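Enquirer: What shape does this take:
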Amino acid sequence: MQKVKEKQLCFNCLRKHRVINCTSQRRCLVCKKKHHTSICNNKNKEQNSGGNVPDVQLSKPETAVLLSSTQETSHGVILKTAISKVTSGNITRDTHILFDEGAQKSFITETLAQELQLSTSGTETLHLATFGNQEQQLKQVDSAMVYLITNQKKRIPINVLIVPTISVPISTSQHNTASHLPYLRGLNLAHPVSGDEVFTISLLIGADHY
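Expert: Numbering: from 1, shown residues only. From the prediction side, this is the model:
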């Protein structure tokens, strides 16, 4: 309840609007009143008295594994990255993008979301776990819509989840080396070579939009 109040969410569906404006027909599974089951005061009473309380969630949690490597291998690996313009409708930014078909969702960093002045469209529950670790952490994250602008000026809508970070800064050394290969000369690369030593991924496009 404290988190709901802090984020000014709807008591009924946990989205960004007032409960009086909520169009959801769902009601609490414990007391049948117009609020979400997870914040029902009667729930604790039934648990203390041994009553059966349904185990419900707003949406089915997904498992998300974000890139977190901190070391490069001796030969290096070129990830599937690109630079493209991303817009919220009013503000546009050149954005470093990572394509990851192994991710079930698409993500945007809080920094880029703030720069684009994104309006959140709801929240989702994620199961976050590090690779090889069976312990998972439940996390509520905001969702929003951004638009990727192609070279042909087409706007592609992408539903994203807002997270603090997606990856550690990535070295450009392998990109610079590859750009000198004879069979790549003259090509319009998705991730142009620059003088920067590292770059930071601000948008991860997962299998849901890849």
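Enquirer: going forward, measure contacts between C-alpha atoms and count neighbours the same way
Expert: OK.
Enquirer: hang on, isn't residue 94 packed against residue 82?
Expert: No - shown here, residue 94 and residue 82 do not form a contact pair, counting by CA atoms under 8 Å, at 10.2 Å.
Enquirer: Settle it for me: which of these two has more neighbours?
Expert: For residue 94 versus residue 82, neighbours defined as other CA atoms under 10 Å are more numerous around residue 82 (16 against 13).
Enquirer: ok, what's across the strand from the more buried one?
Expert: For residue 82, the beta-bridge partners are residue 97 (DSSP bridges).
Enquirer: can you pull the contacts of it?
Expert: Shown here is residue 82, whose contacts under the criterion CA atoms under 8 Å, 6 or more residues apart in numbering are 96-98, 190-192.
Enquirer: Apply 6 Å and report the result again.
Expert: If you count contacts by CA atoms under 6 Å, 6 or more residues apart in numbering, residue 82 has them with 96-97, 190-191.
Enquirer: Quick one: low-confidence residue ranges for this structure.
Expert: Applying pLDDT under 70 to the chain flags residues 19-20, 42-76, 129-131, 133-134.
Enquirer: Determine the set of other helices and strands touching the longest strand along it.
Expert: For the chain, the strand with the greatest residue count under DSSP state E is strand 137-149. Packing contacts for strand 137-149, counted by 3 or more CA pairs under 6 Å, 6 or more residues apart in numbering; DSSP states H and E, involve strand 81-87, strand 122-128, strand 155-163.
Enquirer: May I have the strands that pair with it, each with its orientation?
Expert: Paired strands of strand 137-149, with direction, are strand 81-87 (antiparallel), strand 122-128 (antiparallel), strand 155-163 (antiparallel) (DSSP bridges).
Enquirer: Can you list the buried residues in it?
Expert: Applying a neighbour-count criterion of 16 or more other CA atoms under 10 Å, the buried positions in strand 137-149 are 142-149.
Enquirer: Which of these lies at the shortest distance from residue 128?
Expert: The shortest approach to residue 128 among the buried residues of strand 137-149 belongs to residue 142, at 14.6 Å (CA to CA).
Enquirer: Surely that closest one touches residue 123?
Expert: Yes - contact status for residue 142 versus residue 123: in contact at 4.3 Å, counting by CA atoms under 6 Å.
Enquirer: Many thanks, have a good one.
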